[in-house]
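Student: need a 3D model of the sequence below.
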Amino acid sequence: MPVGKVREIAEAVVRRSPSLVAIGIFLGAVAVFAALLSTPAAAADGRPTPLVDALFTAVSATTVTGLVTVDTATHWSFFGQVVILVGIQMGGLGIVTIALLLSRAVTHRMGVRSRVFAQQGIGTDRLGEVQSLLKVVVVTTLAVELALALVLVPSFAIREGSFTSGLWHGIFYAISSFNNAGFVTHEGGLGQFADDPTILVPIAVGVLVGSLGFPVFLVLIAHRWHARKWNLHAKLTVSVTLMLLVGGALAWTALEWTNAGTIGGMSPFEKLGHGFFASTMMRSGGFSIVDTGASHPITLLATDALMFVGGGSASTAGGIKVTTIALLFLAIVAEGKGDRSVRVFRRTVPETALRVAVSVLFFGASLVLVATALLMTVTDAALDRILFEVISAFATCGLSVGLSAELPPFGKYVLAALMFAGRIGPIGLASALAVQRRNLLFSYPEERPVIG
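Tutor: You can find the predicted model right below:
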C-alpha cells in the first residue's frame with residue numbers, strides 16, 4: 001500500500017476515534033513489554049517467564065498498578081526491571097498524552113474529537129491550548145521525578161553502601177512513587193525502611209503529588225497557592241484529598257491499634273506515622289510497610305472504600321476519582337435540603353457533570369461486581385480477600401493480600417483485564433459522553449417515577 005494511502009487512513013482513524021487510537025497504543029505497548037519480559041534475559045535465573053506472568057506484569061506496569069504474580073526484586077533481572085520501569089513511565093505519562101502526541105505527529109493537527117479526548121485526559125477547558133498543555137504535562141512529570149530522585153538517591157546510597165545501587169533504587173522509586181505504581185525493587189518490600197523517614201517521606205510525598213492530577217498542577221502553575229483564584233476542580237480535589245488523607249489515617253490507625261500483626265507493638269507516635277503512610281497509599285500508591293494480609297477484615301473493608309475512590313482526575317492515580325465521589329455526596333446533600341441545583345464554593349455544578357459522575361460510579365461498581373464473581377468461580381479464597389484484590393486492580397492501586405500470585409491463569413487474566421479497564425475506562429467513558437452529547441430540539445412531558 002502506498003505511504004500516502006496509509007497516512008490518509010491513519011489520519012481518518014485519529015480524527016474519528018482518538019480513544020481507539022489510545023487503546024490501540026496501550027495494547028501495543030502491553031504486547032511489546034510482555035514479549036520482552038517473557039525472554040530469558042528478563043528473568044534473574046535466565047529462564048523464560050510464563051506468558052501469563054509476563055503479561056500480568058506488563059499490564060500492571062503500564063497501568064501503573066503494582067500488583068504482581070512474581071516478586072519484582074528476585075524474579076526479574078536488571079533488564080527486566082528496566083522494562084518494567086519504562087512501562088511505568090509510559091503509563092504514568094498517560095495513554096492520552098502519548099496518543100495525542102502521536103496523533104499530532106501523524107496528522108499535524110488535532111481535530112475536535114482529539115481535543116475533547118485530551119481535555120478529559122489532562123483536564124482543561126481550554127481546547128485551543130491542548131497542545132501546549134500536553135508539553136506542560138510531560139515537563140512537569142519529568143521535573144517532579146527528577147526532584148524526587150535527587151532526594152532519594154543519597155538516602156538509598158547510604159543504606160545500600162553503594163552509589164550505583166543507590167542511583168538505581170532512587171530513580172526507580174522516584175518514578176514508581178510519582179506514578180503511583182507501587183513496584184518495589186527490594187525483596188520483602190519497603191518494610192525494611194519503616195524506620196527511615198528520609199526514604200518513606202519522599203515516597204509518600206511523590207505518591208500524594210502524583211495523585212492530585214495534572215489539572216491541579218496547571219492551576220498551581222498559574223495561581224500558585226492563592227486558593228481564591230483556583231477553579232472548582234482544584235478546590236474540590238485538594239480539599240477532598242486532604243479530608244480522605246486525614247480521615248483514612250485516623251481510621252486505619254484506630255482499627256489496627258491493637259493488631260500485633262501490623263502496628264500493635266509500636267509506640268503511639270509510630271502507629272500514627274504508619275497510619276498516615278497507609279492512608280496515602282490506600283488511594284492508589286500501592287506501597288506498604290506492613291503486611292496488608294495481616295490486617296483486620298474491617299480494615300480491609302475501609303481500605304476497599306478508599307481504593308475505590310482513588311485520586312484526582314487526570315492523575316497517575318486510579319479509582320473513580322475524588323471529584324466523582326465529591327459531586328455525588330454534594331448531590332445527596334442538595335437533594336436532602338430540597339435544592340434544585342448542586343452548589344459548592346459559590347459555583348453551580350451542571351447536571352451533565354452529575355450524570356457523568358453517576359455513569360463513572362456505575363461503570364466501576366459493575367466491573368468490580370463482575371470480576372469478583374468470576375474470581376469466585378476459580379478460587380476458594382475468602383470474599384474479603386477476593387474483593388480487596390479486585391478493587392485494588394480496578395483502582396490501579398497495587399495493595400495486595402497475596403491473592404494475585406495464588407490465582408490460576410484464568411484469574412490472573414481477569415485481574416489483568418480489570419487493570420486495563422480501570423486505567424482506560426473512566427477516561428474513555430467520560431470523553432465518549434462529552435463527544436456524543438447532543439442538543440434535542442424537542443422534549444416529552446415530565447413524569448416522576450417512584451424512587452426508594
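Student: measure L403 to A249 for me?
Tutor: Note on L403: its distance to A249, by Cβ to Cβ, to the nearest Å, is 25 Å. C-beta coordinates here come from the backbone N, C-alpha and C atoms, glycine included.
Student: point out where the stretch 101-250 of the chain drops to low pLDDT.
Tutor: 101-133 (pLDDT under 70).
Student: show the pLDDT at A35.
Tutor: Here the pLDDT value assigned to A35 is 96.
Student: need the nearest residue in space to it, chain neighbours excluded.
Tutor: A54 (7.7 Å; Cβ to Cβ, 6 or more residues apart in numbering).
Student: can you tell me the helix or strand for the one you found?
Tutor: Assigned by DSSP states H and E, A54 belongs to helix 51-62.
Student: following that helix, which helix or strand shows up next?
Tutor: helix 72-75.
Student: show me the contact partners of that following helix.
Tutor: For helix 72-75, contacts defined as Cβ atoms under 8 Å, 6 or more residues apart in numbering pick out A43, A44, T49, T57, Q81, I84, F183, V184, T185, H186, E187, G188.
Student: now do stretch 344-351
Tutor: Taking Cβ under 8 Å, 6+ apart as the rule, stretch 344-351 contacts L232, K235, L236, A326, L327, L330, S341, V342, R343.
Student: for it, the averaged confidence score.
Tutor: Stretch 344-351 comes out at a mean pLDDT of 89.
Student: before we move on, back to that, can you redo the contacts of helix 72-75 as JSON lines with secondary structure, distance to L146 and neighbour count?
Tutor: Formatted as JSON lines, these follow (DSSP: H, G, I helix; E, B strand; the rest coil; distance: Cβ to Cβ, whole Å; neighbours: other Cβ atoms under 10 Å):
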{"residue": "A43", "secondary structure": "strand", "distance to L146": "30", "neighbour count": "20"}
{"residue": "A44", "secondary structure": "coil", "distance to L146": "29", "neighbour count": "16"}
{"residue": "T49", "secondary structure": "coil", "distance to L146": "31", "neighbour count": "23"}
{"residue": "T57", "secondary structure": "helix", "distance to L146": "26", "neighbour count": "29"}
{"residue": "Q81", "secondary structure": "helix", "distance to L146": "20", "neighbour count": "19"}
{"residue": "I84", "secondary structure": "helix", "distance to L146": "20", "neighbour count": "27"}
{"residue": "F183", "secondary structure": "coil", "distance to L146": "19", "neighbour count": "29"}
{"residue": "V184", "secondary structure": "coil", "distance to L146": "20", "neighbour count": "25"}
{"residue": "T185", "secondary structure": "coil", "distance to L146": "19", "neighbour count": "20"}
{"residue": "H186", "secondary structure": "coil", "distance to L146": "22", "neighbour count": "18"}
{"residue": "E187", "secondary structure": "coil", "distance to L146": "27", "neighbour count": "10"}
{"residue": "G188", "secondary structure": "coil", "distance to L146": "28", "neighbour count": "10"}
